[in-house]
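1. whatever this is, show me its structure:
(chains A and B)
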Amino acid sequence: MARIDSAAPKTGDVAGTGGPLRWLDSQKNRLIVLTVLAFLAMFLPLISSNYVLEVMTTAWFYVMLCLGLNIVVGYAGLLDLGYAAFFAVGAYTTGILTSHFGVNFWLTIPAAVLFSICAGVIIGGPTLRLRSDYLAIVTLGFGEIVRIIARNLEITGGASGLIGIEKPSIFGFELNQIFHFYYVFLILACLACFVSYRLQHSRLGRAWQYVREDEDAAEAMGIDRVAVKLYAYVIGAIFGGVAGCFFAAKMTAISPETFMFQQSVLILLGVVLGGMGKIPGVIVGAFALVLFPEVFRDLGSSRILVFAIVMLVIMLYRPKGIWPEKKS
Amino acid sequence: MALLDVENLGLSFAGLQVIKELSFSVDEGSIASLIGPNGAGKTSVFNCLTGFYKPNSGEILFNGRPITRKRPYKITRRGMARTFQNLRLFKSMSVLENVMSGMHCRTRSGPLGAILRTGSQRREEAEIKEFCEFCLDFVGILGEKDRTASNLPYGHQRRVEWARALATKPKLLLLDEPAAGLNFDEKQQLIELIKRIREELKITILLIEHDMGLVMKVSEMITVIDYGQKIAQGSAEEVQNNPRVIEAYLGREEDEVV
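-> Residues are numbered from 1 along each chain as shown, chains lettered A, B, ... in the order given. I've put the predicted structure just below:
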C-alpha cells in the first residue's frame, strides 16, 4: 500500500500544476525525471509486494491500450467507443489458437495482428467516411457486436469464455510469476510509447493532425482523408490486439464480460483524462485510471463515486486533460 | 494549349441553378481571372474544379484528362492546388508544418518507415523540409517558419496558404480572392508574387478577385460571370468596356440598395 502511494504521486506531481511543468521544459531536467522514473519502474519488483506488482502490471497494460486508442482519438481525432473490440480480437485469437489448436503463444501474436488489421479494416473501411458523431455510434455498435459474437460462438467458449490458456515461455523459461508479467507489460508499454512517438513525428502523424484540424483543407492539400483515418484505425487496432494477446496469456482465462462497453469507456477515459494526443499525458491518464480505485480502496463501495467526482473536477479545471498537448 | 478546359459546366443546389452552361479555358503558362458580382457563383466554380462540389453536368478537362467529380485529393495530386477565400490553415500547427501538408501528396513513406526511421524515410523528411523552406522563402516568410500559424498577422497567414499550395508542386494554382483583407502595400507585393510564380516556377494561375485594379493589372484573360453564366470574356480592356459587364456590376449595386 505504502509503495503505491510513493509511486502514484510521482507521476501525478509532475503533471499536477503549472509550476513543475515549466520546470520540465528544460531538456536536462526532463532527462533526470525520466531516468528516475525508469529506475523506479525497472527495480520496482525488487522492493514491492505482489499486490503492488499486480496493480502496476495492470497500469502498464492500460498504458498500452490507452496509447493505442490515443492514435485513433488523440492523433486522428476520431471518437471510438468500441475500442475493447480490438482488445477482444487479440485476446480471443491467442485464447482460441493456444487452447483449441495448441499453437505456441508467440505465434499467435502475428495472427492476432492480422485479425486486428482485418477488424480495423472491416469497421473502418465502410464507416470512416462518416463524420465524428456518427462514427462514434457505429464504433459503439461494433464493440457490442464483437462481444455478443464472443458470447454466442462455441469456439469462443460462450458466456463462460475460455479457460486454461497456456502461459508463454521464452527459451524454455515459463512466464508464470507476476513479476515476469510486470516486465512483459513494462516492455510492451515502452514499445507502445516508442512507436507512438515515431508515428506522431512522421509524415503520417502530420497527416493525422491535418485531418483532425481541418478535413477539407487537408483534402485540398492532396491528403486522402479516408486512407489516413484507416491507418489510424488499423494501427490502433494492432496496439489493442497485441495487448489482448498478452492479457489472455497473463490471465489464462478470458470471458466476454471483460470486453464490455464499460471497458471501452474506461480506456477512452484514460486518454481524455490524461490529455489527448500527448504521450506523457496519456500515460498519466492510464495510471490515474488504475491507481485511483486502488489507492482509495479503503473507501469501500463509495470509491467509484469519489473517482467520478475527482474526474469531473479534473475535467472542469483541466478540460484538455491533466497534461495536454502544448499550444504555443 | 489549354491546361484547363471547362465545358458546359452546370451545378444546382435543391433546384437553384448556381452555375449554368459555363465554358471557359485557361492556357498553359497564362494568368487568368474569373470575376463577377457577389454571389455570381465564382467560388462554386472553384469548388467544382477542385472536387469539393460535384457538378450536375458538363466536363472539366485538366491537362487533357477528365477530372469531373473526382475526389479533391486526387485532383490535387494531378497538379491543381487551391487557396481558400476564408483562410483554412491548420491553426495550432507551426508555419512549416502547415506548408509540409502540401508535400504530403508528393511523398510516400508510410508507418513502417516512420517507426523504423529508415534511410529513405529520413531522406524524404529532409527533402520535404528543404522544399517547404524554399516555398516559404519564395513567399517571403521563411523567418516565421517555427511560429504557430494562428499567431501570425493576417497578411502573413495568407502567405502561408500560398506557400502551402506551392508545396503541392502544382501545374495550375487557383487563388480564391487572394487580395481580400490585404492593404495597399500587400496588394502590390501580391501582384509581384503572382507574376513571379508564373515566371520562375512556371505555374499557370487562375484567380477569383474582387479588386478590379489587381485583376486588370495581372490577368491576360478574364472571364466574367453573373448568375452562374458567362457574360463576357477577353482581355482587361475588352471586358472593361463590355456593356453587359458594366450592367452586371452597376445593376447589382442597385439591388443591394433595395
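
2. and the stretch 201-328 of chain A, which residues reach chain B?
-> Residues of the stretch 201-328 of chain A found near chain B (C-beta under 8 Å from any C-beta of the partner chain) are A:201-207, A:209-210, A:213-214, A:216-225, A:231, A:235, A:327-328. Just so you know, the C-beta spots here come from the backbone N, C-alpha and C atoms, and that holds for glycine as well.

3. and the residues you listed, which are buried?
-> A:202-207, A:209-210, A:213-214, A:217-225, A:231, A:235 (16 or more other C-beta atoms under 10 Å in any protein chain shown).

4. tell me the contacts of residue 77?
-> In the absence of a named chain, chain A is used. A:S132, A:W208, A:V211, A:R212 (C-beta atoms under 8 Å, 6 or more residues apart in numbering or on different chains).

5. sorry, I should have been clearer: chain B.
-> Per C-beta under 8 Å, 6+ apart, neighbours of B:R77: A:G222, B:C105.

6. cool, A:N176 as well?
-> In this structure, A:N176 makes contact with A:K167, judged by C-beta under 8 Å, 6+ apart.

7. quickly find the element holding A:L40.
-> Here A:L40, judged by DSSP states H and E, is contained in helix A:27-47.

8. name the residues of stretch A:172-184 that are buried.
-> A:L175, A:I178, A:F179, A:H180, A:F181, A:Y182, A:Y183, A:V184.

9. spell out which parts of the stretch 101-250 of chain B neighbour chain A.
-> Residues of the stretch 101-250 of chain B that fall close to chain A, judged by C-beta under 8 Å from any C-beta: B:101-102, B:104-107, B:109-111, B:113-115, B:117, B:121, B:124-125, B:128, B:147-148, B:151, B:164, B:168.

10. change it to 10 Å
-> B:101-111, B:113-117, B:121, B:124-125, B:128, B:146-151, B:161, B:164-165, B:167-170, B:174 (C-beta under 10 Å from any C-beta of the partner chain).

11. buried members of these into PyMOL, please.
-> Command for PyMOL that selects the buried part of those, burial taken from 16+ other C-beta under 10 Å:
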select buried, chain B and resi 101+102+103+104+105+106+109+111+113+114+115+121+124+125+128+147+148+149+161+164+165+167+168+169+170+174
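
12. restricted to strands, list the residues of the stretch 101-250 of chain B next to chain A.
-> B:L174 (DSSP state E).

13. which ones are touching residue 177?
-> Reading this off chain A. If you count contacts by C-beta atoms under 10 Å, 6 or more residues apart in numbering or on different chains, A:Q177 has them with A:P45, A:N50, A:L53, A:K167, A:Y183.

14. correction: the question concerned chain B.
-> B:42-43, B:46, B:83-86, B:158, B:207-211.

15. reformat these as JSON lines; add neighbour count, secondary structure and pLDDT.
-> Below are these laid out as JSON lines (neighbours: other C-beta atoms under 10 Å in any protein chain shown; DSSP: H, G, I helix; E, B strand; the rest coil; pLDDT from 0 to 100):
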{"residue": "B:K42", "neighbour count": "26", "secondary structure": "helix", "pLDDT": "90"}
{"residue": "B:T43", "neighbour count": "19", "secondary structure": "helix", "pLDDT": "91"}
{"residue": "B:F46", "neighbour count": "23", "secondary structure": "helix", "pLDDT": "93"}
{"residue": "B:T83", "neighbour count": "23", "secondary structure": "coil", "pLDDT": "94"}
{"residue": "B:F84", "neighbour count": "19", "secondary structure": "coil", "pLDDT": "92"}
{"residue": "B:Q85", "neighbour count": "15", "secondary structure": "coil", "pLDDT": "88"}
{"residue": "B:N86", "neighbour count": "9", "secondary structure": "coil", "pLDDT": "89"}
{"residue": "B:R158", "neighbour count": "25", "secondary structure": "helix", "pLDDT": "93"}
{"residue": "B:L207", "neighbour count": "25", "secondary structure": "strand", "pLDDT": "93"}
{"residue": "B:I208", "neighbour count": "22", "secondary structure": "strand", "pLDDT": "93"}
{"residue": "B:E209", "neighbour count": "23", "secondary structure": "coil", "pLDDT": "88"}
{"residue": "B:H210", "neighbour count": "14", "secondary structure": "coil", "pLDDT": "80"}
{"residue": "B:D211", "neighbour count": "17", "secondary structure": "coil", "pLDDT": "82"}
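
16. so which of these comes closest to chain A?
-> Using C-beta to the nearest C-beta, B:F84 comes nearest to chain A of the contacts of B:E177, at 7.0 Å.

17. number of nearby residues for B:G51?
-> B:G51 is flanked by 24 other residues according to other C-beta atoms under 10 Å in any protein chain shown.

18. how about it: what's its closest non-neighbour residue?
-> Spatial nearest neighbour of B:G51, chain neighbours left out: B:P72 (3.9 Å); criterion: C-beta to C-beta, 6 or more residues apart in numbering or on different chains.
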